[in-house]
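> Have a look at this prediction, sequence included:
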Amino acid sequence: MEKNRSNDMKNDPIRNYIAENEAAMMDDLFGLLRIPSISAQPEHKNDLIACAERWRELLLEAGADRAEVVPTAGNPVVLAQKTVDPSAKTVLVYAHYDVMPVEPLERWQSPPFEPQIREGRIWARGADDDKGQAFIQVKAFEYLVRNGLLKNNIKFIFEGEEEIGSPSLENFCREHKEQLKADIILVSDTSMLGADLPSLTTGLRGLAYWEIEVTGPNRDLHSGHFGGAVANPIQVLCGMIDKVIDSRGRITIPGFYDRVEALTAAERDMIAGIPFDEEGYKKAIGVKALQGEEGYSTLERNSCRPSFDVCGIWGGYTGEGSKTVLPAKACAKVSCRLVPHQDHHVISALFADYMAAIAPPAVTVNVTPMHGGAGYVCPITLPAYKAAEKGFEIAFGKKPLAVRRGGSIPIIATFEQTLGIKTILMGFGLESDAIHSPNENFSLDIFRKGIEAVVEFHLAY
């Protein structure tokens, strides 16, 4: 009966509501998307405050009893809540309003902070991650309030530092623990396997991130006069990075795998059963071949196994034309994705020790930890997980698969440790949404289905 109702738009009040109010929804969402709330760039501090204030207004308009912008040591947090019955269950909705930098700007097909609708998609920075997905949660809440269907108490916590590792949120949660008390946390900041392959994220990898600085001579040198006699910091840095991964695709940091659990046969069978088009995967990202740790499939490598990546590298002369220089310094930003039970603090120290151990005496190496977080696993037996499963099944017409994903949301593990609350990862993104990249976008069809799925979650929980 539920499935029939969701497939018949004429008799579907949720879909009718979305259709009747979509123009106004887009106006409000586009207003949010126009705010360049880039947490990694200090010049956007006022934009982050403006974005937080706009979310406060929208939450009140949607039906919150109260909403406020609360200062932190960094960017402000937006708190809101609606109480229907003090004895009822409480759902805490988490989202983030900060976005990634937009560079390289020249690769955008339209300006990143001038949202457009093309080809059935919203194009803008933050369209998916996370303003579009957060907006789904708020519009589902609005529908329930306006139609007298809300049976759970709802709280909202929207932060402005997720893209830089949420440095202020852990202390904020400790200081506001009573105010954030809830039965379950609901997050829409993850992705599905495909538009026609809905899935619920049951696990996330952890993260450790560093900046490496290699210093050689006390100034840039003439490469003709000094080349071959003085260590080149760029070449040394590249050689050190190259040693982190061996020929089998394994990370060589001593002690790195000490707490990595082997995948069980049941887990590997479950992953093997996930529909996956490897040729389509390669074509979508424009590569001819895949590589990684030997003995594991692509889906195992990018979700359940740790990895190491160079996120950026620079040094020397990179301007137009040529300049024969032996640079004084070279830098790189690198990261590891971690699996459950790996402590990012321990891994961070192991990596710094390893860099110091393999550095040649001709250079000085400094490793600066940037940020990190633990992995997370969600039990699929939780009543809230079952409610999310039902929401997806009604909205998308099929039961979602349970999958682990390779990304990291460090604050999720912090919620469990600090607040003692489990999180349901009810995300609606797609790989094609290009989050963190130029031309970020979000499907209008999935936006609509997302609202329906979240409404059904609240009705079922």
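Nice, I can see it.
> Spatially nearest residue to Lys181 (excluding sequence neighbours)?
Nearest residue to Lys181, sequence neighbours excluded (C-beta to C-beta, 6 or more residues apart in numbering): Thr90, at 7.0 Å. Heads up, the C-betas are built off the backbone N, CA and C, glycines and all.
> Do I have it right that that neighbour meets Leu180?
No - contact between Thr90 and Leu180 fails when scored by C-beta atoms under 8 Å: they sit 9.6 Å apart.
> what sits in contact with each of these two?
For the pair Thr90 and Leu180, residues contacting each of them under the criterion C-beta atoms under 8 Å, 6 or more residues apart in numbering are Lys155.
> what helices or strands is the lengthiest helix in the chain leaning on?
Longest helix in the chain, counting residues (DSSP state H): helix 13-33. Here helix 13-33 touches helix 45-62, strand 121-123, helix 131-146, helix 444-460, going by 3 or more C-beta pairs under 8 Å, 6 or more residues apart in numbering; DSSP states H and E.
> how about the helices in this structure?
Along the chain, the segments classed as helices by DSSP H run 2-7, 13-33, 45-62, 131-146, 169-175, 223-226, 233-242, 265-272, 278-285, 298-301, 344-358, 383-396, 410-419, 444-460.
> Any figure for the gap between Glu293 and Leu430?
The gap separating Glu293 from Leu430 is 26 Å, by C-beta to C-beta, to the nearest Å.
> which of these two has more neighbours?
In this comparison of Glu293 against Leu430, neighbours counted by other C-beta atoms under 10 Å, the higher total goes to Leu430 at 20 against 16.
> residues touching the more buried one, list them.
Contact partners of Leu430, counting by C-beta under 8 Å, 6+ apart, are 128, 191-192, 194-195, 443, 446.
> Gly165 now?
Shown here is Gly165, whose contacts under the criterion C-beta under 8 Å, 6+ apart are 207, 209, 370-373, 410.
> These in strands, which ones?
207, 209, 370-373 (DSSP state E).
> Between which two of these is the distance greatest?
Across the ones in strands among the contacts of Gly165, no pair lies farther apart than Met370 and Gly373, at 11.5 Å, counting by C-beta to C-beta.
> who's more crowded, these two?
Neighbour totals were compared for Met370 and Gly373, and Gly373 leads with 23 against 17 (other C-beta under 10 Å).
> OK, contacts around the residue nearest to the more buried one when sequence neighbours are not counted?
The spatially closest residue to Gly373, leaving aside those adjacent along the chain, is Pro410, at 2.0 Å (C-beta to C-beta, 6+ apart). Listed by C-beta under 8 Å, 6+ apart, the contact partners of Pro410 are 165-166, 206-207, 344, 371-374.
> out of those residues, which are buried?
Neighbour-count burial within those applies to 165-166, 206-207, 344, 371-374; the criterion is 16 or more other C-beta atoms under 10 Å.
> Let me know the closest of those to Asn75.
Checking the buried ones among the contacts of Pro410 against Asn75 by C-beta to C-beta gives Ser166 as the nearest, at 10.0 Å.
> The residue nearest to the closest one when sequence neighbours are not counted and Asp129: what is the separation?
The shortest distance from Ser166 to any non-neighbouring residue, by C-beta to C-beta, 6+ apart, is to Ile411 (4.4 Å). Taking C-beta to C-beta as the measure, Ile411 and Asp129 are separated by 14 Å.
> same check, this time on Val334
Shown here: Val334 relative to Asp129, a distance of 22 Å by C-beta to C-beta.
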